[in-house]
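>>> Got a predicted structure here, sequence first:
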Amino acid sequence: LFLSIISFCLLIGACGVVPSYAVDPVNYGQTPLETVSTYPKPSQNRIQLTSYLIFHKSVYDTYKQFLAAHVDYLWFDQSSLSQAQPDGSYSFAQFYAALTELKNLNSALKVGVHCGMIGMLGPYHVTYSYLSESDFLHDQNNVRIANTSDPRVYYVNLGSSTTRQKLVDAWKDIVNTKAPNLWGINFDGYQSYHLEPKFTQGCIEGPCNTKDYWYTNQKSLSQEINAALDQSREVTYNGVVQFLKPELTGYGVMNSEPLAYHDGVLVEHPHTMILSEKDFTEYMQVFDVLIPQQKKVIIWVQPKIISLQHPTFQFTNDLNLERFFLATYLLIQSNPYTYFGYNPATVYDGNNGVFFYKDWYLDYGAPVGSYTVANKLYIRQYAHGIAVVNPTTAPITYMLPGGTYKRWGETEVSGIQTLAPTSGVFFMKDTSVSLCPSDINEDGITDTVDYSLFVIDFLKPVLSNPRSDINGDGMADVADYSKLAQNFLEVCQ
């Protein structure tokens, strides 16, 4: 099986010290695997990484150095580092301590927590202990109503303004007192529970068997929490699947409406983009809505969910699969708003390993404009290359612009390339030889694309693309612009 960071630690005999974490899954599920001592973290033009997992204390201790060093937005799934108590309650002391520890390891690291469903809470959720019996829904026999699939979780009396205020005050207390280093709060979706069989006769507290009850009160709670926390924290929600399939929630309007009063979304099921061209296209349409609004878009890919949710779908959990999703992410990447995470061996559980791919630290350069679609291929230009994705079930050819490229910075290619079905490639430009200095993107002509790239770096102390310094004097300045203008629309000879 795939060599995790733990086994790599054992391999190099450095478990007693902090190792340089680097595991390259050249052949996921096979051996041998390439291992190297370190992957230098680029100072610019790198993708922002996320991880969204449950951690037990011992596993967290194993990975915390790596997570603090390489992840930009770390999310603890519900119950992470919580400790069950004899009376049935949970202690979150370890979780709160971890937030401080991670902040000390990397002051720039953002850390968030999964908060459970917007209308249900259990004792392993951090706000549960702030509520009392009257804050939950009860049936006509005055029995508290539990969730069928997890009887530890109870439906909250969201119709009570008093209950909602308790939850608002709870979050204020948590972020101001218990966990000042907690940056992100994620609510697990908006869903109407009116069809729950336990609600057939309604609830003592109100009409919980109606869509309007859940829609109105979930919206009110969200708005109240966001207003109370203001700009001091990022409040996101897991709801992109409902953008695509509004019938899942019982009311379509709630699916996209929370964007107006949330800071962003967790994209929890992007793995379905591999299932069909239709699924891929629908998700790209959702991203087209999210990205221009400059909301946080946290993309978390777990291929093993495909096997659980679509057991008849055939796919290979290998490096090519990771590159399909990474190239897809590059189509929509918009720093500092977007984050990418990928774990091939788990479904939320960090105890199965944390993984790193060297592709994550390639210097792609700055993106040049938005993606385009041609011949069913999705294409986006970068300063240092081109991201191309084929979401179809048939191979498609793509003609590379002039110059030499390397697939993912490895194999040198040029001219016509064939993209396999459901595959993604980043063609990294080979800039070792430059015959046309003003042709910044090396497509054989000095044109508006080169001008756009040059503008990104104009008078910047650090260049996103070294070719913007056309005359080689260390800056992208007026002298370089003069060369660009002089050669405008000239074809490289």
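Received it, and whenever you're ready, just let me know what you need. Keep in mind that this is a model prediction, so the values were computed, not measured.

>>> what about the stretch 351-493 of the chain, any weak spots by pLDDT?
The model of the stretch 351-493 of the chain has pLDDT under 70 over residues 351, 431-435, 493.

>>> An error on my part: the question was meant for the stretch 1-150 of the chain.
Applying pLDDT under 70 to the stretch 1-150 of the chain flags residues 1-40.

>>> show me where it has helices.
According to DSSP state H, counting those that start in this stretch, the stretch 1-150 of the chain carries its helices in the segments 5-12, 57-70, 93-105.

>>> Would you convert those into JSON lines that also reports distance to I291?
Placement of C-beta: from N, CA and C, glycine included. Formatted as JSON lines, these follow (distance: least, Cβ to Cβ, whole Å):
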{"stretch": "helix 5-12", "distance to I291": "32"}
{"stretch": "helix 57-70", "distance to I291": "24"}
{"stretch": "helix 93-105", "distance to I291": "28"}
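
>>> how about those helices in JSON lines, adding mean neighbour count?
Listed next are these as JSON lines, based on neighbours: other Cβ atoms under 10 Å:
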{"stretch": "helix 5-12", "mean neighbour count": "15"}
{"stretch": "helix 57-70", "mean neighbour count": "18"}
{"stretch": "helix 93-105", "mean neighbour count": "17"}
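
>>> D77: which of the ones you listed is closest?
helix 93-105 (11.2 Å; Cβ to Cβ).

>>> Show residues contacting stretch 482-491.
436-439, 444-447, 450-451, 454, 470-471 (Cβ atoms under 8 Å, 6 or more residues apart in numbering).

>>> Separate out the buried members of those residues.
436-439, 445-447, 450, 454, 470 (16 or more other Cβ atoms under 10 Å).

>>> closest to R380 among those residues?
D450 (16.6 Å).

>>> picking that back up, of the contacts of stretch 482-491, just say which sits nearest to S58.
F454 (51.6 Å).

>>> Identify the residue nearest that closest one in space, chain neighbours excluded?
Counting by Cβ to Cβ, 6 or more residues apart in numbering, F454 lies nearest to S468, which is 5.3 Å off, once chain neighbours are set aside.

>>> Would you mark the buried spots in stretch 464-474?
By neighbour count, and taking 16+ other Cβ under 10 Å as the criterion, the buried residues in stretch 464-474 are 464-470.

>>> ditto for stretch 159-176
Applying 16+ other Cβ under 10 Å to stretch 159-176 flags 159-160, 163-164, 166-168, 170-171, 174-175 as buried.

>>> So which of these sit within helices?
Counting by DSSP state H, the buried residues of stretch 159-176 place 163-164, 166-168, 170-171 in helices.

>>> For those residues, give me a markdown table that also has distance to F66 and pLDDT.
Below are those laid out as a markdown table (distance: Cβ to Cβ, whole Å; pLDDT from 0 to 100):
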| residue | distance to F66 | pLDDT |
| --- | --- | --- |
| T163 | 40 | 97 |
| R164 | 39 | 96 |
| K166 | 38 | 97 |
| L167 | 34 | 96 |
| V168 | 35 | 95 |
| A170 | 32 | 96 |
| W171 | 29 | 94 |
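
>>> Pick the one among the residues you listed closest to V126.
A170 (7.9 Å).

>>> And the residue in the chain sticking out farthest from the centre, how far from E410?
What lies farthest from the middle of the chain is N141; by Cα atoms, centre = their mean that is 43.9 Å. To E410, N141 is 66 Å away according to Cβ to Cβ, to the nearest Å.

>>> now N352
28 Å.

>>> what about the two, which has more around it?
N352 (18 against 10; other Cβ atoms under 10 Å).

>>> what about the residue nearest to the more buried one when sequence neighbours are not counted, neighbour count?
Nearest residue to N352 in three dimensions, chain neighbours excluded: T346, at 3.9 Å (Cβ to Cβ, 6+ apart). T346 has 18 neighbouring residues, counting by other Cβ under 10 Å.

>>> and T346, what pLDDT?
pLDDT for T346: 74.

>>> picking that back up, now, the buried ones among the contacts of stretch 482-491 that are in strands?
Among the buried ones among the contacts of stretch 482-491, no residue falls in strands (DSSP state E).

>>> For the residue nearest to N352, give me its contacts.
T346 neighbours (Cβ under 8 Å, 6+ apart): 53, 302, 304, 352-353.

>>> nearest to K64, of the residues you listed?
L53 (12.2 Å).

>>> and the gap between the closest residue in space to the closest one that isn't next to it in sequence and Q78?
Among residues not flanking L53 along the chain, G350 sits closest, at 3.4 Å (Cβ to Cβ, 6+ apart). Going from G350 to Q78 by Cβ to Cβ gives 13 Å.

>>> Now list whatever residues contact both of those two.
With Cβ under 8 Å, 6+ apart as the test, G350 and Q78 both reach I54.

>>> So the residue nearest the centre of the chain, which state does it fall into?
For the chain, the residue nearest the mean C-alpha position is I299 (2.5 Å; Cα atoms, centre = their mean). Using DSSP: H, G, I helix; E, B strand; the rest coil, the structure places I299 in strand.

>>> what's the nearest residue to it once chain neighbours are set aside in contact with, if anything?
Of all residues not flanking I299 in the chain, V267 sits nearest, at 4.6 Å (Cβ to Cβ, 6+ apart). When contacts are counted by Cβ under 8 Å, 6+ apart, V267 touches 240, 283, 297-300.

>>> With P197 instead?
Taking Cβ under 8 Å, 6+ apart, one finds T148 in contact with P197.

>>> And it, how far from V156?
19 Å.

>>> sorry, back to before: the helices of the stretch 1-150 of the chain: which one's closest to F313?
Proximity to F313, assessed across the helices of the stretch 1-150 of the chain by Cβ to Cβ, is greatest for helix 5-12 (28.8 Å).

>>> for the stretch 151-300 of the chain, what spans make up the strands?
154-155, 184-187, 234-238, 264-267, 296-301 (DSSP state E, counting those that start in this stretch).

>>> Could you tell me how far the second one lies from the centre of the chain?
What that stands for is strand 184-187. Here the centre of strand 184-187 is set off from its chain's centre by 13 Å, with Cα atoms, centre = their mean, to the nearest Å.

>>> and if you look at stretch 208-220?
The answer for stretch 208-220 is 29 Å, by Cα atoms, centre = their mean.

>>> contacts for that stretch?
118-119, 137, 155, 158-159, 164, 190-194, 199-203, 206-207, 250-251, 253-254, 257-258.

>>> again with stretch 58-74
Identification of contacts with stretch 58-74 by Cβ under 8 Å, 6+ apart yields 5-6, 9, 18, 21, 41, 48-51, 55, 80-81, 98, 101-102, 105-106, 108-112, 184, 298, 339, 350-351, 354, 356.

>>> among these, which ones are buried?
For the contacts of stretch 58-74, buried by 16+ other Cβ under 10 Å: 5, 9, 21, 48-51, 55, 80-81, 98, 102, 106, 109-112, 184, 298, 339, 350-351, 354, 356.

>>> What about those, which are in strands?
In this view, these that belong to strands under DSSP E are 50-51, 110-112, 184, 298, 339.

>>> In a markdown table, list those residues along with distance to V373.
Shown next, in a markdown table, are these (distance: Cβ to Cβ, whole Å):
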| residue | distance to V373 |
| --- | --- |
| T50 | 27 |
| S51 | 31 |
| K110 | 33 |
| V111 | 37 |
| G112 | 33 |
| G184 | 33 |
| I298 | 25 |
| Y339 | 24 |
